[in-house]
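Asker: one predicted model, sequence on top.
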Amino acid sequence: MKLIKKIIFFLVGLFVIAQFFGPEKNEGSLTSVEPFLVETNPPEDVKFILKETCYDCHSDVTRYPWYNNITPVNYWLAEHIKDGKKHFNVSNWEGSSIKRKDHKFEELIEMVEEKEMPLESYTWTHSEANLTDAQIKSVVDWAKNVRTMYALAPKPE
């Protein structure tokens, strides 16, 4: 029994010490999404959806929930954000080619239509991110218009 108590105290101590460490936070400014918004010109309802549903994982602007202060949850969230930004990051939109931007919008349409985005694990704690059919239609219609704009853009030679 003494060994079990020692193991429990050790694990509790380790957990307490771990709380003093955490990953770097993803806290840029909202201005980092401005070039994306200017170029893609979403309607107001889509801007709201992007802010409430997408920016936390797909930009440099993350609104962290209270449970982000708990290790190891903060590492799990940091990995989700890193992965989300790897696939689609509106904060570094300016440096991408038209071809890449068009492809990202193609993926966006597919993921939203198939209800793969936002992730279910995100909507568990962010109920406002559960998109209605009307919201999905708004996002998809906007994204298709953006793709049309990219298709009509002059191609570099």
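Answerer: Everything's here; your move.

Asker: ok, for the most centrally placed residue in the chain, nearest residue in space, not its chain neighbours?
Answerer: Nearest to the geometric centre of the chain sits Cys57, at 1.8 Å (CA atoms, centre = their mean). Leaving aside its sequence neighbours, Cys57 sits nearest to Gly84 (CB to CB, 6 or more residues apart in numbering; 3.2 Å). The way it works is simple: take the backbone N, C-alpha and C, and place the C-beta from them, glycine included.

Asker: which parts of the particular helix or strand that has the one you found in it are buried?
Answerer: Assigned by DSSP states H and E, Gly84 belongs to helix 73-87. Buried residues in helix 73-87, defined by neighbour count with 16 or more other CB atoms under 10 Å: 74, 77-78, 80-81, 84-85.

Asker: what sits up against the helix or strand just after that helix?
Answerer: Under the assignment DSSP H and E, the closest C-terminal helix or strand after helix 73-87 is helix 98-113. Helix 98-113 is contacted by residues 87-88, 93, 96, 116-117, 131, 136, 139-140, 143-144, 146-147, 150-151, 153, 155-156 when judged by CB atoms under 8 Å, 6 or more residues apart in numbering.

Asker: pLDDT score for the residue lying closest to Tyr150 once chain neighbours are set aside?
Answerer: Using CB to CB, 6+ apart and skipping the chain neighbours, the partner closest in space to Tyr150 is Asp102 (4.1 Å). Reported pLDDT at Asp102 in the predicted model: 92.

Asker: hey, where'd the strands end up in this protein?
Answerer: For the chain, applying DSSP state E gives no strands.

Asker: in the chain, which spans are helices?
Answerer: For the chain, the helices defined by DSSP state H cover 2-18, 34-40, 44-49, 55-58, 73-87, 98-113, 120-123, 133-152.

Asker: make CSV from the ones you listed and add distance to Trp66 to it.
Answerer: As requested, the helices of the chain are exported to CSV (distance: least, CB to CB, whole Å):
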stretch, distance to Trp66
helix 2-18, 17
helix 34-40, 28
helix 44-49, 23
helix 55-58, 14
helix 73-87, 10
helix 98-113, 28
helix 120-123, 16
helix 133-152, 26
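
Asker: nearest to Lys25, out of those?
Answerer: Among the helices of the chain, the nearest to Lys25 by CB to CB is helix 73-87 (8.0 Å).
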